[in-house]
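# Pasted the sequence and its predicted model underneath.
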Amino acid sequence: MKPISRRQALLLGGLGIAGTAVGGAGLIWTLASREAPVTGSELIQPPEERSTNGQLQVRLEAAPGRMQLAGQPHLSLGYNGGIPGPTLRVRAGDVLNVRLVNKLTQTTNLHVHGLHVSPEGNGDNVFVSIDPGSTFDYEYKLPRDHPPGVYWYHPHHHGMVADQIFAGLFGTIIVEDPEPIETSVERVLVISDTTLDGLGNIPEVPAMERMMGREGELILVNGQSNLQLSARPGERERWRIINTCVARYLRLRLDGQQLQLLGMDSGRFPTPETLDELLLTPGNRADLLVTTTAGDSVLRALYQNRGSMPGMMGPGFGARNPADQPDGAALATLRVSGEPAAPLMPVPVYQGLADLRSSAVAARRQVVLAAGMGMGMGAGMMRFTINGREFNQARTDTTVADGNVEEWTLINTSPMDHPFHLHVWPMQIIEVNGQGMDNAVWQDVVNVPAHGRVKVRMAFKDFRGRSVYHCHILDHEDLGMMGVIEVQ
């Protein structure tokens, strides 16, 4: 039996449960050998917490333990004992209070990904460090005009983000619609990936995989493997889909069913858009309507080429990567049968965020994402930089005036894609590789293609303070591809 490394011992240590022993090189787990994933089980929804009278108070305990992954118990991390953590449902104008209890053996914190809330103090402040055994009280005040949609929460302590999310620390936030959308059923589908060793535990990730951005061998939905969904013909289901993977791009298909996209990230379309295929980069979310047709359909994640570095084997190579197979990875099977359902009311037209294409621009900037071999570093090590610099928490890289609209050109000089994420303030995509957009498209994670460029605009309104922007291939963020922004 191979003992795990000190890094793993720090990540998963201190369980205090039967079946562990301490060896000279770290912890040695003595759970039963890894078993095949259990498939075909009915979808299990995470527990929900809903706001009442404009407020939601929750306690999130980040801790190691035995978690159900693919129908088997494994040693990993979770919020409140589960993967994913509880779904938090709030409304625009609400106050969300989260008491985060750190029962890990590592420092951690919390980021409410995509929410337009203050980055200061005990708001969405990624510079907060919560030591093992400590507790921190967060308070997020949502503006009254906050966009509805699907968001998520996860750790954001620099250097540990990828490991902690890969081990299971993530959960969903839903901002409810001001005008309800009639559906037959609503499903939260949190897609993650991870790797389990021969004992069913999460192994240490080699340096090469960190540089490329790790992709786990096992792709899961709500911690389940190839689960089963049941519906009647003609039902309109609402699927809230989140890509919580550290680096995997999800190219999703559900052949045989009618798909309509309500919106991506914090950007809701005025009316639903019909589509055949959906691409979610790490951190992206989709609000999807599925109108069911009789028969069986499989939700698949197909291989997406996100590039590679010269001399390095890119993501998706080899039999260990399920999405590299010709038919992709089967995530869920939808079985539709029975008496047809009655038709539902049309989806109300939504008036979204203001279109910034006609706004006055106060400043134009270039943000250069680069990856390459570093000078003076270990053999084969790469540097991940923004505008030539690696992340430094003490340094402010970009200063913006409160209330201004700015236009940033995101330039990727490397031969692999980088999904760019800006905290707090959503981005409107103006151009991709010189091609203008037909309508207003808002996202908080924007893919910048290899050797490509994307032009975005942001309205820096409502909040002041320091926050960050970074590559949402989370290994790249941990390796330095992040900058600090301050709105004054």
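Received the coordinates, thanks. Numbering: from 1, shown residues only.
# give me every residue that touches G223.
Contacts for G223 (CB atoms under 8 Å, 6 or more residues apart in numbering) come out as I44, M67, Q68, L69, A70, G82, I83, P84, G168, S192. From N, CA and C alone the C-beta is placed, and that goes for glycine too.
# Only the buried subset of these, as a PyMOL command please.
A single PyMOL command is used to select the members of the contacts of G223 judged buried by 16 or more other CB atoms under 10 Å:
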select buried, resi 67+68+69+70+82+83+84+168+192
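# Which members of the contacts of G223 are positioned in helices?
Among the contacts of G223, no residue falls in helices (DSSP state H).
# want to try a markdown table for the contacts of G223, with distance to G328 as columns?
Below are the contacts of G223 laid out as a markdown table (distance: CB to CB, whole Å):
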| residue | distance to G328 |
| --- | --- |
| I44 | 23 |
| M67 | 26 |
| Q68 | 24 |
| L69 | 20 |
| A70 | 17 |
| G82 | 27 |
| I83 | 23 |
| P84 | 22 |
| G168 | 23 |
| S192 | 16 |
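# now, which of the contacts of G223 sits nearest T244?
Nearest to T244 out of these is S192 (CB to CB; 4.7 Å).
# quick one, what contacts that closest one?
I83, P84, I165, G168, F170, G216, I219, L220, G223, T244, C245.
# Show me what it is bridged to.
Beta-bridge pairing for S192 (DSSP bridges): L220.
# got the contacts of G223 as JSON lines, with pLDDT columns?
JSON lines is the format used below for the contacts of G223 (pLDDT from 0 to 100):
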{"residue": "I44", "pLDDT": "96"}
{"residue": "M67", "pLDDT": "91"}
{"residue": "Q68", "pLDDT": "89"}
{"residue": "L69", "pLDDT": "91"}
{"residue": "A70", "pLDDT": "91"}
{"residue": "G82", "pLDDT": "96"}
{"residue": "I83", "pLDDT": "97"}
{"residue": "P84", "pLDDT": "98"}
{"residue": "G168", "pLDDT": "97"}
{"residue": "S192", "pLDDT": "98"}
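# Tell me the one of the contacts of G223 nearest V185?
Using CB to CB, I44 comes nearest to V185 of the contacts of G223, at 14.2 Å.
# nearest spatial neighbour of the closest one, skipping sequence neighbours?
Leaving aside its chain neighbours, I44 sits nearest to N222 (5.8 Å; criterion: CB to CB, 6 or more residues apart in numbering).
# can you pull the contacts of the one you found?
With CB under 8 Å, 6+ apart, N222 has these contacts: L43, I44, Q45, P46, P84, V188, L189, V190.
# what do you get for A286?
A286 touches V150, W239, R240, I241, L261, G263, M264, L278, L280, counting by CB under 8 Å, 6+ apart.
# which ones among those are found in strands?
If you go by DSSP state E, the contacts of A286 have V150, W239, R240, I241, L261, G263, M264, L278, L280 in strands.
# my guess is the second one meets V290, correct?
Yes: counting by CB atoms under 8 Å, V290 is a contact partner of W239 at 5.9 Å.
# now the ones in strands among the contacts of A286 in CSV, with neighbour count?
Formatted as CSV, the ones in strands among the contacts of A286 follow (neighbours: other CB atoms under 10 Å):
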residue, neighbour count
V150, 27
W239, 23
R240, 21
I241, 23
L261, 16
G263, 24
M264, 25
L278, 17
L280, 25
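# I'd like to know which of those is nearest to M437.
For these, the nearest to M437 is M264 (12.6 Å; CB to CB).
# For the closest one, give its distance to R285.
7 Å (CB to CB, to the nearest Å).
# hey, where'd the helices end up in the protein?
Counting by DSSP H, the chain has helices at residues 6-12, 161-166, 207-212, 474-478.
# Could you say which of those is packed most deeply?
helix 474-478 (a mean of 26; mean count of other CB atoms under 10 Å).
# need the contact list for G168.
Applying CB under 8 Å, 6+ apart, the residues near G168 are M67, L69, S76, L77, G78, I83, P84, S192, T194, G223.
# The first one reaches G78, doesn't it?
Yes: under the criterion of CB under 8 Å, M67 makes contact with G78 at 5.0 Å.
# what about the nearest residue to G307 once chain neighbours are set aside, neighbour count?
Spatial nearest neighbour of G307, chain neighbours left out: M416 (3.3 Å); criterion: CB to CB, 6+ apart. Neighbourhood size, M416 [other CB atoms under 10 Å]: 23.
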